[in-house]
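Trainee: Quick one, fold the following:
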Amino acid sequence: MLHLVDSAASPTVPRTDEETHRLALVKRYEILDTPPEAAFDRITALAADLFKAPISIISFLDRDRLWFKSHHGLDMAEVRWGAGTDVSTMETMIRGAFGLGFFVSVPLTTDEGDDLGALCVIDHRPRQVDAQQLRQLRTLAALVTDRLELRLTTRRAAARAEILVGEIDHRAMNSLQLIASLLNLQSRVVQVPETSQQLTIAANRVLAVARVHRNFSIDETVERVPVLAYLVRLCGDLSDSLAVDIHVEGTEASVPAKQMLTIGLIVNELATNAKKHGAGPIKVTFRSGAAGHELCVLDEGEGLPEGFTADQHKGSGLGIKVVTALVSQLEGRLSAGPNPAGRGACFTVTFPGEATEADTPARDIKVKTRSAVPLE
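Mentor: Residues are numbered from 1 along each chain as shown. As a prediction, the model looks like this:
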């Protein structure tokens, strides 16, 4: 730790047990090698002004270096030494680095009484320190530790919130699965076949929401998320549920996180429809370009009825109406036509989006989700 010293003093090398405790403490606060922060820089600037000195630093003693979180008036961000360096050698190194004539520091003491580091003021000219200046420097050091404690408290609160959100998500999915089970039970006791079928369809849609929600597990602070990686996970679940191979291919791109659940529900509905009316494997493709994003679901079935258009709901089933409503949330367009590869149908959703440099892949990605074997 660094102690309050005059111009002839220097940091001391801690004993092994103290060093172990100190390193664990600094690691807990996750401060080492973090980028500069204005709040700490303002404190070192004020400390330097208080003493009318050119240099002020907020320092933390690591295993083999003195690292500076803030270094006002100093270009270097740390001072290093070898393992086993003794006090006199360390003092020589620090004096050589700073050309010390004046060095005063106060410890950064936590609420539990542990010293994390020090707030230091340095000058090339020797001088005296009065009691008022020391009190003011200790006050500034306390502001540093207050800031560190706030960072730690915020991080712990975020971790607790993440656990709570995960628990809520888990309970929500369990509730959705329970509702689906109740609907399925009700469908078995209903005497009217059409009503029983509609209850089964409703149960499957509730399970779809649970499935999409389960695969949508991201940090809420993330603004954009990769689409293709999400579709591979989702279609892996879908292929097991529908007992059909689903090929996912395309180029990776990111979309706003708020769009992801909508995209998942669209794929679920169209893939379920493809299984019901199509034949053979289902293909899901996603591509992105300057004009926006394109999502396609293709089957190898009988194809679409003559005169079928996705934008005309008369005579269309509830599934198409659901998909159309979801597409409108993306401010997109739904179209339908024959499968370009041959037999079957192709449903295409286009919606606006901006491709970024990070979205440009080295090559297309192809995955067969049921067996998780990359396609040649």
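Trainee: ok, how many other residues are close to residue 199?
Mentor: A count of nearby residues for residue 199, using other C-beta atoms under 10 Å, gives 20. All C-beta atoms are positioned from the backbone trio N, CA, C, and that covers glycine.
Trainee: Which residue lies closest in space to it, excluding its sequence neighbours?
Mentor: Using C-beta to C-beta, 6 or more residues apart in numbering and skipping residues adjacent in sequence, the residue nearest residue 199 is residue 187, 3.6 Å away.
Trainee: Please give me every residue in contact with the one you found.
Mentor: 195, 196, 197, 199, 200, 203 (C-beta atoms under 8 Å, 6 or more residues apart in numbering).
Trainee: Apply the buried test to those and list what passes.
Mentor: Neighbour-count burial (16 or more other C-beta atoms under 10 Å) is assigned, among these, to 196, 199, 200, 203.
Trainee: Of those residues, which belong to helices?
Mentor: Counted as lying in helices by DSSP state H, out of the buried ones among the contacts of residue 187, are 196, 199, 200, 203.
Trainee: State the pLDDT value of the third one.
Mentor: Residue 200 carries a pLDDT score of 75 in this model.
Trainee: Nearest spatial neighbour of it, chain-adjacent residues omitted?
Mentor: Closest residue in space to residue 200, ignoring its immediate chain neighbours: residue 187 at 4.7 Å, by C-beta to C-beta, 6+ apart.
Trainee: Phi first, then psi, for that neighbour.
Mentor: phi -70, psi -30 (degrees, to the nearest 10).
Trainee: Now tabulate the contacts of residue 187 in TSV and tack on distance to residue 122.
Mentor: Below are the contacts of residue 187 laid out as TSV (distance: C-beta to C-beta, whole Å):
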residue	distance to residue 122
195	83
196	82
197	81
199	77
200	77
203	72
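Trainee: Among those residues, which one lies nearest to residue 236?
Mentor: Checking the contacts of residue 187 against residue 236 by C-beta to C-beta gives residue 203 as the nearest, at 21.4 Å.
Trainee: Helices along the protein, start to end?
Mentor: Using DSSP H, helices in the chain cover 16-29, 38-51, 87-98, 131-189, 193-215, 227-242, 260-277, 318-329.
Trainee: Where does the record place the domain boundaries for this structure?
Mentor: Recorded structural domains for the chain (assignment: automatic domain parsing) are 16-155, 222-374.
Trainee: Generate JSON lines for the ones you listed, with distance to residue 182, mean pLDDT and mean neighbour count as supplementary columns.
Mentor: What follows is those, written out as JSON lines (distance: least, C-beta to C-beta, whole Å; pLDDT from 0 to 100; neighbours: other C-beta atoms under 10 Å):
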{"stretch": "domain 16-155", "distance to residue 182": "41", "mean pLDDT": "81", "mean neighbour count": "16"}
{"stretch": "domain 222-374", "distance to residue 182": "19", "mean pLDDT": "80", "mean neighbour count": "18"}
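Trainee: Any idea which of these gets closest to residue 173?
Mentor: domain 222-374 (12.1 Å).
Trainee: just to revisit the earlier point, dump the domains of the chain to TSV, plus distance to residue 171.
Mentor: Shown next, in TSV, are those (distance: least, C-beta to C-beta, whole Å):
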stretch	distance to residue 171
domain 16-155	25
domain 222-374	18
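Trainee: Of those, give the one that comes closest to residue 207.
Mentor: Ranking those by proximity to residue 207 (C-beta to C-beta) places domain 222-374 first, at 7.7 Å.
Trainee: distance between the closest one and the chain's centre?
Mentor: 25 Å (C-alpha atoms, centre = their mean, to the nearest Å).
Trainee: still on that earlier bit, what is the nearest of the ones in helices among the buried ones among the contacts of residue 187 to residue 179?
Mentor: When those are compared for distance to residue 179 (C-beta to C-beta), residue 203 wins out at 7.9 Å.
Trainee: From what I see, the closest one and residue 176 are in contact.
Mentor: No. Using C-beta atoms under 8 Å, residue 203 is not in contact with residue 176, being 10.2 Å away.
Trainee: pLDDT at the residue nearest to residue 200, what is it?
Mentor: 81.
Trainee: Could you do the one 10 residues further on as well?
Mentor: Turning to residue 197, the model gives it a pLDDT of 74.
Trainee: Enumerate every residue touching it.
Mentor: Counting by C-beta under 8 Å, 6+ apart, the residues that residue 197 touches are residue 187.
Trainee: how near is it to residue 64?
Mentor: Distance, residue 197 to residue 64, by C-beta to C-beta, to the nearest Å: 72 Å.
Trainee: Please apply the same query to residue 237.
Mentor: According to C-beta to C-beta, residue 237 and residue 64 sit 49 Å apart.
Trainee: show me the contacts for residue 31.
Mentor: So residue 31 contacts 60, 69, 116, 148, 151 (C-beta under 8 Å, 6+ apart).
Trainee: Leaving out sequence neighbours, find the closest residue to the third one.
Mentor: Distances taken as C-beta to C-beta, 6+ apart put residue 108 closest to residue 116, at 4.6 Å, once the chain neighbours are dropped.
Trainee: and the one you found, bridged to which residues?
Mentor: Per DSSP bridges, the residues bridged to residue 108 are residue 117.
Trainee: Contact partners for it?
Mentor: Listed by C-beta under 8 Å, 6+ apart, the contact partners of residue 108 are 58, 115, 116, 117, 118, 119, 141, 144, 145, 148.
Trainee: export the residues you listed to CSV and tack on distance to residue 48?
Mentor: What follows is the contacts of residue 108, written out as CSV (distance: C-beta to C-beta, whole Å):
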residue, distance to residue 48
58, 12
115, 22
116, 21
117, 17
118, 15
119, 11
141, 14
144, 14
145, 19
148, 20
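Trainee: Among these, which one sits closest to residue 21?
Mentor: Closest to residue 21, out of all of these and judged by C-beta to C-beta, is residue 115, at 10.4 Å.
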